[in-house]
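K.L.:
Compute the structure for the input listed below.
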Amino acid sequence: MTAESTDAVCGGWDASECEGTIHCPPRCPRFVDKRGARWTIRPAGPADLAPLAEMYERFGREDRAQGLPPVVRRQCAKWIESVLAEGNNVVAERDGEVLGHAMYTPTDADVPELAVFVHSAAQDRGVGTELCRHVIANAAAADREAIELHVEAGNRIARNVYRTVGFEPGERRSDLRMKLPLDAPVATEVRLPPLAREGPSEPSYSEPSQ
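P.N.:
From the prediction side, this is the model:
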C-alpha cells in the first residue's frame with residue numbers, strides 16, 4: 001500500500017476507533033510516535049533505493065550494527081538493492097522523508113532474519129518498535145514459521161526493543177540470537193486493527209452539565 005492509497009482509505013490519524021478495512025495491510029500503516037508526530041509505515045520498493053541511500057549516507061558509526069549498512073556508498077547501494085530484491089521491506093516515512101527501514105530476508109525462508117535501522121533523528125520515539133511489529137505482521141501473513149535476529153550482546157537498548165515485541169534470547173556467541181515463533185500470541189496481536197488492539201479511546205471532552 002502506497003502513502004497515496006493509505007490516504008484514500010484511512011479517515012484521519014486517530015485510529016483508536018478503527019476496525020480495519022479490506023484495504024488494510026497486515027498492520028495499520030498509521031503510526032503516531034511518542035512525541036505526537038505522524039508517520040506512515042509502508043512497503044518499500046525499487047523507487048525507495050534513492051531515499052534509503054540518502055538516509056543511510058547520514059548514518060554515523062553508532063547507527064550501524066554488525067557492519068550494516070556498509071559505509072562505502074557503492075557497497076551500500078548494492079546492499080540496499082539486494083535487500084529490496086530478496087527481502088520483505090518496509091520504511092517509516094514522515095513528511096515525505098524516509099527515516100526508518102526494516103525487513104525480513106530472504107522471503108522464502110521458513111525462518112527469515114529481521115533487521116531494522118532508524119536514523120538518529122527518529123530514535124527514541126517508538127519508530128523502531130513499530131517497524132519491528134510491521135515485519136512480524138508481514139512474516140506471519142506470509143506463513144513463515146518464525147523470525148529471528150542477531151544483536152550485539154552489549155546493545156541493551158536494542159535487546160529491550162526486541163523483547164518488547166516478543167523475541168526471546170537464544171544462542172549466544174559473539175552476538176546474541178533471538179527468535180520469535182510466529183504462532184505466538186504477539187504475531188496475532190500485531191495484525192489486529194487498532195480498535196481490537198488498543199480498545200476505544202476515552203473521549204477528549206466531557207458534555208457540559210445541564
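
K.L.:
residue ranges for the helices of this structure, please.
P.N.:
Per DSSP state H, the chain carries helices over the ranges 3-9, 49-57, 73-86, 127-141, 156-164, 185-189, 194-198.

K.L.:
Just the CA trace of the last one, in CSV.
P.N.:
Extracted in CSV, the C-alpha atoms of helix 194-198 (Å, rounded to 0.1, in the frame of the first residue of the first chain):
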residue,chain,number,x,y,z
PRO,A,194,-6.2,-0.6,16.2
LEU,A,195,-9.6,-0.8,18.0
ALA,A,196,-9.1,-4.5,18.7
ARG,A,197,-5.5,-4.0,19.9
GLU,A,198,-6.0,-0.9,22.0
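
K.L.:
which residues does the residue lying closest to residue 48 once chain neighbours are set aside bridge with?
P.N.:
In this structure, residue 48 finds its nearest non-sequential neighbour in residue 91, 5.9 Å apart by C-beta to C-beta, 6 or more residues apart in numbering. Every C-beta, even on glycine, is put in place using the N, C-alpha and C of the backbone. Here residue 91 sits in beta bridges with residue 42, residue 101, going by DSSP bridges.

K.L.:
related to what we said a few turns ago, make a markdown table out of the helices of the chain and add mean neighbour count, mean pLDDT and distance to residue 18.
P.N.:
Shown next, in a markdown table, are those (neighbours: other C-beta atoms under 10 Å; pLDDT from 0 to 100; distance: least, C-beta to C-beta, whole Å):
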| stretch | mean neighbour count | mean pLDDT | distance to residue 18 |
| --- | --- | --- | --- |
| helix 3-9 | 12 | 49 | 11 |
| helix 49-57 | 17 | 96 | 27 |
| helix 73-86 | 15 | 96 | 29 |
| helix 127-141 | 24 | 97 | 15 |
| helix 156-164 | 15 | 89 | 22 |
| helix 185-189 | 15 | 93 | 15 |
| helix 194-198 | 15 | 83 | 5 |
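
K.L.:
can you put those helices in a markdown table and add distance to residue 32?
P.N.:
As requested, the helices of the chain are exported to a markdown table (distance: least, C-beta to C-beta, whole Å):
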| stretch | distance to residue 32 |
| --- | --- |
| helix 3-9 | 14 |
| helix 49-57 | 21 |
| helix 73-86 | 27 |
| helix 127-141 | 10 |
| helix 156-164 | 17 |
| helix 185-189 | 18 |
| helix 194-198 | 11 |
